[in-house]
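Trainee: Below are the sequence and a predicted model; questions follow.
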Amino acid sequence: MTDRRLWSYKEIAAHIQVQPDTVRSYRKHGLLPEPDLVEGGKPYWFADTVRAWVARRPGHRGRRERAE
């Protein structure tokens, strides 16, 4: 089953337990995947896109993501 909920910086930050500004910085430095949707100039990512990115992140091994 796919999770097509759209997440903003705020939801991504909560998921990886950082501040939204940290997630914005990740995007600015090319560390986030391209947004799945941009609406009104604001980027959004599918929850599955974020989860796949989290699984590939350097230093992620052995760390648990926040359960939804």
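Mentor: Cool, got the structure.
Trainee: Going by residue numbers, what spans are helices in this structure?
Mentor: If you assign secondary structure with DSSP state H, the helices in the chain sit at 9-16, 20-28, 47-56.
Trainee: Any idea which of those gets closest to Asp3?
Mentor: Closest approach to Asp3 among the helices of the chain is made by helix 47-56 (4.0 Å; C-beta to C-beta). Any C-beta I mention is one placed from the backbone N, CA and C, and that applies to glycine too.
Trainee: Show me which residues of the closest one are buried.
Mentor: Neighbour-count burial for helix 47-56, with 16 or more other C-beta atoms under 10 Å as criterion, is recorded at 47, 49-51, 53.
Trainee: ok, those residues vs Tyr26, which is closest?
Mentor: Trp53 (9.4 Å).
Trainee: Quick check: nearest residue in space to that closest one, chain neighbours excluded?
Mentor: Once flanking residues are discounted, Trp53 sits nearest to Pro33: 5.3 Å by C-beta to C-beta, 6 or more residues apart in numbering.
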